[in-house]
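Trainee: With the sequence up front, the predicted model follows.
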Amino acid sequence: MSPGKKLQQTKPSHWPQEIQYIQASRYHASVLPEIRQFIIGAVSTTCGQFSERCRSWVIIRVISNISHPACGQRGLFAAKKIPPRTRLLDYIGEIHCDDRPNSDYDLSLYRTQDGVNVGIDASTMGNEARFINDYRGVQKKPNAAFSDARTSSGELRMSIWSSDTEIKKDEEILVSYGKAWWRERYGVAADIEHVVDT
Ligand SMILES: C[S@@+](CC[C@H](N)C(=O)[O-])C[C@H]1O[C@@H](n2cnc3c(N)ncnc32)[C@H](O)[C@@H]1O
């Protein structure tokens, strides 16, 4: 069996049935060839191996703590102690250039000089990263952050990195979605409900 086939078969535990599990980016038709080429970079056969290796840092859990604002949903947790400034995993989904105003799983990847926004939407397909929650109402501050980086094969990705402090085993991995993300969804109510401070 080829390594590529093996990657597609192993879904993580607590993965929802209705969502396609993927470990390599998919490209939507709205991505023009020149933009696609820029994002892909110089592709080699190592594509996907980073995702497979870094899977061991994180696990998906269903949140049962009633004081958690996303109780009943899923979250991403540390499978073991994570050192500071570690690249945990890449946010994998459908790369697109069309608007996805109704997606809660759409992340900005890149903006071209002509003002075209390239996003990664994991609403219907993605990897573990789609389950990362925002820190608001859970912890005082995030313990991880998004930062873009190219893979060894050259593809531009949005990666999740641990912050300056070690993350303990079983701790929830939390980022900041940013003020704009909450305001777009909840307007002024976001300021009241979630203390939109960063
Ligand atoms: C990218 S998803 C995160 C994964 C989600 N919990 C799940 O199980 O699919 C974003 C959604 O998670 C929920 N969420 C994440 N962080 C939250 C927070 N701090 N407070 C309330 N809801 C949160 C919201 O419903 C939001 O629309």
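Mentor: On my side now, so go ahead.
Trainee: CA atoms for contacts and neighbours, from now on please.
Mentor: Noted.
Trainee: looking at it, residue 104 is touching residue 120, isn't it?
Mentor: No: counting by CA atoms under 8 Å, residue 104 sits too far from residue 120 to count as a contact (11.1 Å).
Trainee: Just want to know which of the two has more residues nearby.
Mentor: residue 120 (26 against 13; other CA atoms under 10 Å).
Trainee: can you tell me how far the more buried one sits from residue 143?
Mentor: Distance from residue 120 to residue 143, counting by CA to CA, to the nearest Å: 22 Å.
Trainee: Same check on residue 134?
Mentor: With the distance defined as CA to CA, residue 134 ends up 10 Å from residue 143.
Trainee: Which residues are in contact with each of these two?
Mentor: By the contact definition CA atoms under 8 Å, 6 or more residues apart in numbering, residue 134 and residue 143 are jointly contacted by 174, 175.
Trainee: how about the strands in the chain?
Mentor: Secondary structure of the chain by DSSP state E: the strands cover 20-21, 26-27, 58-62, 74-78, 87-90, 94-96, 106-111, 117-121, 125-126, 133-134, 144-150, 156-162, 174-175.
Trainee: if you compare the ones you listed, which one is most tucked away?
Mentor: Sort the strands of the chain by mean neighbour count, taking mean count of other CA atoms under 10 Å, and strand 87-90 sits at the top with a mean of 24.
Trainee: Can you show me the CA trace of that one as CSV?
Mentor: Taking Å, rounded to 0.1, in the frame of the first residue of the first chain, the C-alpha atoms of strand 87-90 are listed here in CSV:
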residue,chain,number,x,y,z
ARG,A,87,4.7,23.2,15.5
LEU,A,88,1.8,21.0,16.5
LEU,A,89,-0.1,20.6,13.3
ASP,A,90,-1.2,22.3,10.1
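Trainee: Quickly run through the sheet partners of it, with directions.
Mentor: strand 156-162 (antiparallel) (DSSP bridges).
Trainee: could you give the angle of the strand it pairs with to strand 144-150?
Mentor: Angular relation of strand 156-162 and strand 144-150 on a 0 to 180 degree scale: 150 degrees, by axes from the mean of the first three to the mean of the last three CA atoms, to 10 degrees.
Trainee: list the contacts for residue 76?
Mentor: 58, 59, 60, 61, 128, 129, 131, 132, 133, 172, 173, 174.
Trainee: Skipping adjacent residues, who's closest to it in space?
Mentor: Spatial nearest neighbour of residue 76, chain neighbours left out: residue 60 (4.8 Å); criterion: CA to CA, 6 or more residues apart in numbering.
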